[in-house]
Structure formats: C-alpha cells, structure tokens
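Novice: sequence first, then the predicted structure, then my questions.
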Amino acid sequence: MRESAEQKGRRYILEGRLVIRHVDGGIIRAECRGGGAVWNLGRSAAGWWCSCPARGRCSHLHALMLVTAAVTL
C-alpha cells in the first residue's frame, strides 16, 4: 500500500529528516530530506511553500505543519 503525503510527513518527523532552521513570528524556514534530496520549505505571510516538485501539500509540508501547529494557532 502506498503512503499518503500525510503519512510520509509523519514518518519524516519520526526519522529526524525535518530540521527547523529559523522561526521569527509567523515566518518559519526549514529543511527536509526526502527522496534523496534536501528540500527548503517554510511559511510566511504569503502561505506555505516547498521547493520540491510536488504540487499542493507535499509530505515535507505535512511534516512542517505537524511540528509548527502551536506556532500557527
């Protein structure tokens, strides 16, 4: 069975692949290793973003959203 983006995001957290690089108010910058590459991702006033080629909410963004839930409330 294939993992959903949300399931992959949870696995990335458990495997220690997500690293938060900077938090300043509502701006968050992070890196996530997945698929053999390191992707840059974050949140700003413009919204959530990831440098990976996936469209929509990728597994990297799901991981970041899970660990930054308290910041975004």
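Specialist: On my side now, so go ahead.
Novice: how about the strands of the chain, start to end?
Specialist: 18-24, 27-34, 37-44, 47-50 (DSSP state E).
Novice: pick the most deeply packed of those.
Specialist: Stretch with highest mean neighbour count among the strands of the chain: strand 27-34 (a mean of 19; mean count of other Cβ atoms under 10 Å). No exception for glycine: its C-beta is placed from N, CA and C like everyone else's.
Novice: tell me what that one is packed against?
Specialist: Strand 27-34 sits against helix 5-14, strand 18-24, strand 37-44, helix 59-67, with contacts defined as 3 or more Cβ pairs under 8 Å, 6 or more residues apart in numbering; DSSP states H and E.
Novice: which one of these lies closest to Cys52?
Specialist: strand 37-44 (4.4 Å; Cβ to Cβ).
Novice: okay, the strands of the chain in CSV with distance to Ala63 and mean pLDDT next?
Specialist: Below are these laid out as CSV (distance: least, Cβ to Cβ, whole Å; pLDDT from 0 to 100):
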stretch, distance to Ala63, mean pLDDT
strand 18-24, 5, 92
strand 27-34, 6, 91
strand 37-44, 9, 93
strand 47-50, 10, 93
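Novice: among the ones you listed, which comes closest to Arg2?
Specialist: strand 27-34 (14.8 Å).
Novice: redo the helices and strands packed on strand 27-34 as a markdown table? Include distance to Cys52.
Specialist: Listed next are those as a markdown table, based on distance: least, Cβ to Cβ, whole Å:
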| stretch | distance to Cys52 |
| --- | --- |
| helix 5-14 | 11 |
| strand 18-24 | 13 |
| strand 37-44 | 4 |
| helix 59-67 | 6 |
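Novice: hang on, the earlier thing: in a markdown table: the strands of the chain, plus distance to Arg11.
Specialist: Converted to a markdown table, the strands of the chain look like this (distance: least, Cβ to Cβ, whole Å):
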| stretch | distance to Arg11 |
| --- | --- |
| strand 18-24 | 10 |
| strand 27-34 | 9 |
| strand 37-44 | 15 |
| strand 47-50 | 16 |
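Novice: Gln7: which of the ones you listed is closest?
Specialist: strand 27-34 (12.6 Å).
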